[in-house]
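Asker: How does the following fold in three dimensions:
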Amino acid sequence: MMTLDAVPAVVDLPTPPFPEATTTTCLTPVMGFCLGRPFAICCFCLSCNALLSTARWERHTQVHEMTEARAVSASGGLALLQQCLRAKLQVKPEEEQEEAQFVQIDRGMVIYICFFKGATDDILPKMMSSLLNLRLCESVSGKMVSVLDLPGSVLIVPQATLGGKVKGRAMQYHNNIGKEDGKRLYDAFVSLCEKEVTSEEVTVKHGTYGNRQVLNMDTNGPYTHLMEF
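Answerer: Predicted coordinates for the structure are as follows:
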């Protein structure tokens, strides 16, 4: 078995197909899937330098893909909250004989929403309750209150780019939910938020799912929170 001292600082990855070779053991378990399993030079954990057959390399790659998929499925979506003094969102671009359409709010909160593959309606009530009732707004007296108790307004913006992952010099969005399912969940979330608001002093505005939108916002300090559901 290799020791940590035996692991080279720089590993040259071979090109498949790999020749048959003596197996070794992964020194760094990745999510418990690699522990005790023979595999080739691993571009994920770079802890071994044994060469295996193409079939074993493919199996190892599949294990890492499964691990990543399980990590994503554990999260149904992301929400990013930004306190604002005012915000204005274009929901329909200007056309030949029609002006652009906007929705806007004064002081309150902008909520960016992104859903991942595997997300269901089950997460929506918790998302709505958490986002609208968290004490993140400072009242006139200096007390921290929810946006509903402020009272303030809410602008909900669909933001698929929250689900992006870096690969090389590009961003990929393979873990995002499909467009149809995403729109259904987004519309249902907006509806829940609208039903939760009972005060005439609080309004809920929202963007259009799937459209490119232009947002102007005066932030209330660099006061941003990222929440996972």
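Asker: Break down the protein into its strands, ranges please.
Answerer: Using DSSP state E, the strands of the chain run over 77-92, 101-105, 108-115, 137-138, 144-145, 153-158, 165-167, 170-172, 204-206, 214-228.
Asker: Show me what counts as buried in the second one.
Answerer: Across strand 101-105, burial judged by 16 or more other Cβ atoms under 10 Å covers 103, 105. In this view, the C-beta of every residue, glycine as well, is placed from N, C-alpha and C.
Asker: Which secondary structure elements does it sit against?
Answerer: With contacts defined as 3 or more Cβ pairs under 8 Å, 6 or more residues apart in numbering; DSSP states H and E, strand 101-105 has these neighbours: strand 77-92, strand 153-158, strand 204-206.
Asker: got those as CSV, with mean pLDDT and mean neighbour count columns?
Answerer: Below are these laid out as CSV (pLDDT from 0 to 100; neighbours: other Cβ atoms under 10 Å):
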stretch, mean pLDDT, mean neighbour count
strand 77-92, 95, 19
strand 153-158, 97, 24
strand 204-206, 97, 21
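Asker: export those strands to CSV and tack on distance to residue 188?
Answerer: Compiled in CSV, these are given as follows (distance: least, Cβ to Cβ, whole Å):
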stretch, distance to residue 188
strand 77-92, 12
strand 153-158, 12
strand 204-206, 12
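Asker: And this structure, what are its domain boundaries?
Answerer: Annotated domains of the chain cover 1-74, 77-228 [automatic domain parsing].
Asker: Give me the pLDDT for residue 93.
Answerer: Listed pLDDT for residue 93 reads 85.
Asker: who's in contact with it?
Answerer: For residue 93, the contact set (Cβ atoms under 8 Å, 6 or more residues apart in numbering) comprises 100, 212.
Asker: Recalculate using a threshold of 10 Å.
Answerer: Going by Cβ atoms under 10 Å, 6 or more residues apart in numbering, residue 93 touches 99, 100, 101, 211, 212, 213, 214.
Asker: most neighbours, which of these?
Answerer: Among the contacts of residue 93, residue 213 has the most neighbours (other Cβ atoms under 10 Å), with 18 neighbours.
Asker: any weak-confidence spans in the protein?
Answerer: Screening the chain residue by residue with the criterion pLDDT under 70, one finds the ranges 1-74.
Asker: same thing but 50
Answerer: Residue ranges of the chain with pLDDT under 50: 2-15, 18-35, 38-52, 70-73.
Asker: any chance of the contacts of residue 93 in JSON lines, plus distance to residue 85?
Answerer: Below are these laid out as JSON lines (distance: Cβ to Cβ, whole Å):
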{"residue": "99", "distance to residue 85": "25"}
{"residue": "100", "distance to residue 85": "22"}
{"residue": "101", "distance to residue 85": "22"}
{"residue": "211", "distance to residue 85": "25"}
{"residue": "212", "distance to residue 85": "25"}
{"residue": "213", "distance to residue 85": "20"}
{"residue": "214", "distance to residue 85": "18"}
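Asker: from those residues, which is closest to residue 165?
Answerer: residue 212 (21.2 Å; Cβ to Cβ).
Asker: List the residues that contact residue 127.
Answerer: Taking Cβ under 10 Å, 6+ apart, we find residue 127 in contact with 76-79, 111, 113, 115, 119, 185, 189, 192-193, 227, 229.
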